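K.L.:
Task: produce atomic coordinates for the following.
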Amino acid sequence: MKTENKITIFAMTEKGYRVLQKLLTKFKHNIEIVIGSRDSQLQKDFYSEIKCLCEDNYIHFVDRKDFGEITTQYAIAVSWRWIINMDNSNLIVFHDSLLPRYRGFNPLVSALINGDSQVGVTALFATSEYDKGDIIAQSLSQIEYPIKIHDAIKKIIENYAEISLYVVETIVNNNKFSIIVQNEYQATYSLWRDEEDYRINWNQSSIELKRFIDAVGYPYKGASTTLNGDLVRILEAEIVKDVVIENRTPGKVIFIENSQPIVVCGQGLLKIQKLMDDKENKSLIPLSKFRSRFG
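P.N.:
Predicted coordinates:
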């Protein structure tokens, strides 16, 4: 028999932490257990913060590796990366996009790279096929560029807070959700990303590369490229007005301004403002030599 009016929460990253903070203000006694997990892809995964928040509020916390089964009628997954065995419970997933667009992985990163003017969060019922379930609630935010991923996360955390309160209040009051069936003709997908997907393609325009660098920065590892053969990370960049180049070669340094290299792109120029060695995590500005090539 599943416990009613209690919820299980699967929470990861800053988004999970902030949702838990918000729910504790009103529904502390309705949280049965919180399951957490580390995320090695992030510089800061908020695992310790989630655990400490639970301990401070006398809420049972367990690592996903030690978790058994869901004992509540409803469970909520926030920023969760792992498969959850539903065991006849109602699993509600919070997804970083306005579904049915960007089903799948890293949807917010994909939206920023594509230059979308709106981002948001969808709460939906989980199904055996990811992100295809019925929609329970959506919340959106308008954004303007340039915008870094960290700032975009701050934006959608407000969306998370809004729909999390609605979802839990509906559960606690034993009310029914008004659901929306997804339109399959409008569905798109966002693929998983690995280290190869952090690599800069210098044949792209400076506008595209600026969005890319901002979209994969902190809390992610940052855009990568090679500098004279060595792997480096570009964390800050600025678009510079283009010049006529007779033998355009994307990736080559064309100017140095205030010790910062200006690099040729497929279209436009990009000034590198923060450049770090990948192994030692030390600044590489100013460059050791002018005749340098990014690749």
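K.L.:
contacting residues for residue 210?
P.N.:
146, 237-239, 270 (Cβ atoms under 8 Å, 6 or more residues apart in numbering). Yep, even glycine has a C-beta here, placed from its N, CA and C like the rest.
K.L.:
so after the helix or strand encompassing it, what's the next helix or strand?
P.N.:
Following DSSP states H and E, one finds residue 210 within helix 206-215. The helix or strand immediately downstream of helix 206-215 is strand 223-227, counting by DSSP H and E.
K.L.:
Let's see that next one as PDB, backbone CA atoms only.
P.N.:
Written as PDB, here are the backbone C-alpha positions of strand 223-227 (Å, rounded to 0.1, in the frame of the first residue of the first chain):
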ATOM      1  CA  ALA A 223      34.200  24.900 -24.300                       C
ATOM      2  CA  SER A 224      37.300  23.100 -25.400                       C
ATOM      3  CA  THR A 225      39.700  23.500 -28.200                       C
ATOM      4  CA  THR A 226      43.400  23.000 -28.900                       C
ATOM      5  CA  LEU A 227      46.000  25.700 -28.800                       C
END
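K.L.:
for the helix or strand following that strand, the distance to its chain's centre please.
P.N.:
Later in the chain than strand 223-227, the nearest helix or strand by DSSP H and E is strand 230-240. Chain-centre distance of strand 230-240: 20 Å, with Cα atoms, centre = their mean, to the nearest Å.
K.L.:
what lines up beside strand 230-240 in the sheet?
P.N.:
Next to strand 230-240 in the sheet, as set by DSSP bridges, lie strand 223-227 (antiparallel), strand 269-277 (antiparallel).
K.L.:
any idea of the angle it forms with helix 206-215?
P.N.:
Inter-element angle recorded for strand 230-240 and helix 206-215: 120 degrees (by axes from the mean of the first three to the mean of the last three Cα atoms, to 10 degrees).
K.L.:
By neighbour count, which bits of strand 230-240 are buried? Give me those.
P.N.:
232-240 (16 or more other Cβ atoms under 10 Å).
K.L.:
hang on, the earlier thing: which one, of the strands paired with strand 230-240, ends up nearest to residue 169?
P.N.:
Residue 169 sits nearest to strand 223-227 of all the strands paired with strand 230-240, at 40.5 Å, using Cβ to Cβ.
K.L.:
Sort out which residues of that closest one are buried, please.
P.N.:
Quick answer for strand 223-227 (16+ other Cβ under 10 Å): 223-225, 227.
K.L.:
ditto for stretch 273-284
P.N.:
Quick answer for stretch 273-284 (16+ other Cβ under 10 Å): 274-276, 284.
K.L.:
returning to that earlier point: what two of the buried residues of strand 223-227 are the furthest from one another?
P.N.:
223 and 227 (12.4 Å).
K.L.:
Can you lay out the strands paired with strand 230-240 as CSV showing mean pLDDT and distance to residue 140?
P.N.:
As requested, those are exported to CSV (pLDDT from 0 to 100; distance: least, Cβ to Cβ, whole Å):
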stretch, mean pLDDT, distance to residue 140
strand 223-227, 97, 27
strand 269-277, 97, 30
